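Visitor: Show me how the following folds:
(2 chains)
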2 protein chains.
Amino acid sequence: MNKDLARLVELDRGRCLVAHIGALLGWDQETCLPSAGIEERSEQLALVQTLEHEKATSPEIGDLLTRLGSTTENPLGAAALGTTERAYLRVARREYDKATKLPGELVAELARATSLSQSAWAEARRRSDFAAFAPHLSKMVELSRRVASCLGPERRPYDVLLDLYEPGSTEDSVAAVFSSLRADLGILLDKIRGRPQVDDAALHRSCPAVRQAELSSWLMDVLGYDRSRGRLDTTAHPFTTTLGRDDVRITTRYIENYFPSSLFSTIHETGHALYELGIDPDPAFARTRLSEAASMAVHESQSRLWENLVGRSLGFWKLKYERLVSLTGGCLEGVRLDDFFRGVNKVEPSLIRTEADEVTYALHVILRFELEGRLIAGTLAVKDLPEAWNAKMKELLGLAPPDDARGCLQDIHWSMGSFGYFPSYALGNLYASQFWAAMKASIPSIEQEIEAGNHAAVLAWLREQVHTPGAAYLPGELVERATGSALDARHFVAYLNGKYAAVYGF
Amino acid sequence: MNKDLARLVELDRGRCLVAHIGALLGWDQETCLPSAGIEERSEQLALVQTLEHEKATSPEIGDLLTRLGSTTENPLGAAALGTTERAYLRVARREYDKATKLPGELVAELARATSLSQSAWAEARRRSDFAAFAPHLSKMVELSRRVASCLGPERRPYDVLLDLYEPGSTEDSVAAVFSSLRADLGILLDKIRGRPQVDDAALHRSCPAVRQAELSSWLMDVLGYDRSRGRLDTTAHPFTTTLGRDDVRITTRYIENYFPSSLFSTIHETGHALYELGIDPDPAFARTRLSEAASMAVHESQSRLWENLVGRSLGFWKLKYERLVSLTGGCLEGVRLDDFFRGVNKVEPSLIRTEADEVTYALHVILRFELEGRLIAGTLAVKDLPEAWNAKMKELLGLAPPDDARGCLQDIHWSMGSFGYFPSYALGNLYASQFWAAMKASIPSIEQEIEAGNHAAVLAWLREQVHTPGAAYLPGELVERATGSALDARHFVAYLNGKYAAVYGF
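Guide: Below is the predicted model of the structure:
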């Protein structure tokens, strides 16, 4: 390897090491930290984040990138370099620019404003008082516009923000995908509304946490989660975190009277973990920016694929159902597999995004995408947000939020200035279905393999097509390469129609 | 506070913060880390240790100490400063000297040699092959002498090493305490040998880990361990570690057919944790060197006091025994409290230090103290160690090790160059008994208080006399202050005689 490149990798590894230490501090805070330890933990985290920022913004990185021919305009660097090397330079340049292009005073103002905004949001949501939050939201919109103008002064601000989460995407490209999706989901939802509702009362029988933990452990093994490289713990909100190349941990939570919650959250997080553990574009770039996920949405595609396309399918459970019934210890007494399948796939428009089913979920996201785009463009005033939200909710889901707490105050994202993040959630579902279709085309027997318990076949395909390259491709390139075509919502719609025809019998 | 002093405290806090992050990395490695994560974890630890060393050796600290009048010869600094401030300067100077007086090449050579020596020792112990370890031990002795000559060129090398673990002590001061102790323990051991042995077979009944865990949890609460500032986990070897001023964690292990192991190890580690959590010499010096333990031996005195003087007393269990019988779920069926008391206080000379009872334990330590002193002085050649060990073992405990694995190869300490560490273990027992005697003199009803479950009275006395001052006093000063006299082994001997007269009936 070229000497400059080798030095760049070395610096990147040093940064990565610090980032992983920060991840441990964060993981421990959620899983183990005694309550009184939180004050000093914040200081520990701040120290590590400062150190990571120093390492990410070292001027030596900028010099090396320039010497290797990588600029903001032509991030791939000198043409004489290899493909992987150029892919690495692209990611390294992007992250270096992101870390260095914001002036220090803007970073500091953002940190201060975000902290105030988040606590104002929490209080406003508690009291369902949008007016109290509005000034903070205005501030976050303004600061986000300034961020966008620093990072990409010549581009549309919302495009710059979207690019932070889904590199290569734009408001227009996302809108194109969402517009057909929105229409198709409306049609599907009408069909479902025309059928008798599924009865899932049996799934709400009491199941002790210790049994649910056994269930989670069993599923992690079944899906091929290498326990020498990860572990499961419990937290208030489930998550996956990478503490080392060989240390990717997940968490879940146990709701006593709804065991499917931990069951599917464990499958979901296992999907995230399998992705992180499978990234390996080139040993020479291990533990660098190249060995990170391609994007938020690609990450979400992996969790959703395992959770929904595999985990909520009838075939997956056929040979496992007896074991499931036994592990849940009587909860599923008298519940046929078919009832279980329909129960865990119940569709019902609801007010809260995080509780939404597979069909209505994307509608929640489309609502946010449309509104945040207008907030950033300045065509929707902050004060008019509740009215716009409620109108969209009526239009898309036929529901009227009784208050703003269950309306435009429900998500934390905007209070943190994370505009452009929401689309990832829905794009993840779309990627998942498109990957799934390509996998089925390449391995026609894949559903029988899953039924027979051979999930390794699924994992092997994902490893090769999605996991291994890490950040070597932009998400759009990755999808093209794995599926032969650009992102297309029709795969998702076809999948949903097939599944819900079975669930609701139409 | 003086501006220079305030800056010194600030730098020290920065170092402390890094040290606590390192402690989390270490704690996680023992409790949670997936096995494959160990390789990167070593790198994470190395990075944090390097950072901590940088912070501990910053030349600015040296300048500030000098400006404040603290030198190696007169560490207390300018006479005009307050008592606490001067105590702080003494500790800060000591630690700064320790961290800076060793030349870089010696530090590097030590690290390399220690790594080789430790793995050679592990292998030699496995094969009971002293000859294979001897060259490494010679190297560690030589390097330790060089360390001593850097840190205190004008003093006896072993005194310098002892001072690292027990500030203020010397070979002569320790030898004086140990010599009377050795004679008295011999007499006591003979008395015990003349009595029928205790039968503790019932304590070896099977007790599931989950029950032992409940037992541990109960005892932590009983002893006043604030669970909002700590937690219990399981590891191969129990320990206590400080991850923050308000985050002190302990671990234990569960041996199914000997529940007293986890029971007493939890009390022992709780004793360590109560000490760490109780240090608070002055809020202005929170999270500095002043808010650390006075010494290894003082630390050990706190764990041993709770484990042995409180936990292995008859009175402690009187009102709790019924609960203990119930929590162990049948293990103690038919076992009277008196049998339990005698069973957990069984005395039997044995080959292995870590398995020794209260009476013979100090003899194991005296053996090591005498031999390591001679190794460092050069009056015992490494090649003659096995013979000298076996002769001492015969003399002190009447036993002949069948091999070196169960003889001079049993401990890891010398392979790490930790000469001068062993005495702390025995001194801890002596401090504990002397504190105990002083506490009884000051609160004559203390045994009735314990019997009634009022352990807060014990903790309150320890807090005031031992915990609060942290490192403000040298261990010798602390003992004088708390008990009115210098360390005297007779308190320990009197305590043992009283207890074992009851256990063995003489």
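
Visitor: Quick check: next helix or strand after the helix or strand where A:Val458 lies?
Guide: Using DSSP states H and E, A:Val458 sits within helix A:456-462. Using DSSP H and E, the helix or strand that follows helix A:456-462 towards the C-terminus is helix A:475-483.

Visitor: The very next helix or strand once past that next one to helix A:475-483, inter-axis angle?
Guide: Using DSSP H and E, the helix or strand that follows helix A:475-483 in sequence is helix A:490-504. If you take axes from the mean of the first three to the mean of the last three Cα atoms, to 10 degrees, helix A:490-504 sits at 70 degrees to helix A:475-483.

Visitor: so what does helix A:490-504 touch, helix or strand wise?
Guide: Here helix A:490-504 touches helix A:171-193, helix A:358-377, helix A:422-442, going by 3 or more Cβ pairs under 8 Å, 6 or more residues apart in numbering or on different chains; DSSP states H and E. Backbone N, C-alpha and C define where each C-beta goes, glycine included.

Visitor: can you pull the buried residues of that helix?
Guide: Within helix A:490-504, the residues that count as buried by 16 or more other Cβ atoms under 10 Å in any protein chain shown are A:His491, A:Phe492, A:Val493, A:Tyr495, A:Leu496, A:Asn497, A:Lys499, A:Tyr500, A:Val503, A:Tyr504.

Visitor: In contact with the third one, which residues?
Guide: Taking Cβ atoms under 8 Å, 6 or more residues apart in numbering or on different chains as the contact definition, A:Val493 lies against A:Leu181, A:Asp184, A:Leu185, A:Leu188.

Visitor: run the last query once more with 7 Å
Guide: Applying Cβ atoms under 7 Å, 6 or more residues apart in numbering or on different chains, we find A:Val493 in contact with A:Leu181, A:Asp184.

Visitor: Just the pLDDT for it.
Guide: At A:Val493, the predicted lDDT confidence score is 97.

Visitor: That one and chain B: what is the separation?
Guide: Distance from A:Val493 to chain B, counting by Cβ to the nearest Cβ, to the nearest Å: 39 Å.

Visitor: The longest helix along chain A - contacts with which helices or strands?
Guide: As assigned by DSSP state H, the longest helix anywhere in chain A is helix A:3-31. Helices and strands touching helix A:3-31, by 3 or more Cβ pairs under 7 Å, 6 or more residues apart in numbering or on different chains; DSSP states H and E, are helix A:38-56, helix A:59-67, helix A:83-100, strand A:240-244, strand A:247-252, helix B:3-31, helix B:38-56.

Visitor: out of the ones you listed, deepest packed?
Guide: Among those, ranked by average contacts under mean count of other Cβ atoms under 10 Å in any protein chain shown, first place goes to strand A:247-252 (a mean of 26).

Visitor: Look at the residue most central in space within chain A and report its pLDDT.
Guide: Centre of chain A computed as the mean C-alpha position; nearest residue by Cα atoms, centre = their mean is A:Glu300, 3.8 Å away. Looking at A:Glu300, its pLDDT is 97.

Visitor: What lies in contact with the helix or strand hosting it?
Guide: Assigning secondary structure by DSSP H and E places A:Glu300 in helix A:296-304. Residues outside helix A:296-304 that contact it (Cβ under 7 Å, 6+ apart) are A:165-166, A:268-269, A:271-272, A:274-275, A:293, A:424-425, A:427-429, A:431-432, A:435, A:462, A:466, A:475, A:478.

Visitor: now stretch A:121-140
Guide: Under Cβ under 7 Å, 6+ apart, the answer for stretch A:121-140 is A:113, A:116-117, A:120, A:382-383, A:386, A:403-405, A:408-409, A:412, A:414-415, A:417.

Visitor: How about the closest residue to chain B within the stretch 101-250 of chain A: what's its closest non-neighbour residue?
Guide: Nearest to chain B in the stretch 101-250 of chain A, going by Cβ to the nearest Cβ, is A:Asp247, at a distance of 3.4 Å. Once flanking residues are discounted, A:Asp247 sits nearest to B:Gly37: 3.4 Å by Cβ to Cβ, 6 or more residues apart in numbering or on different chains.
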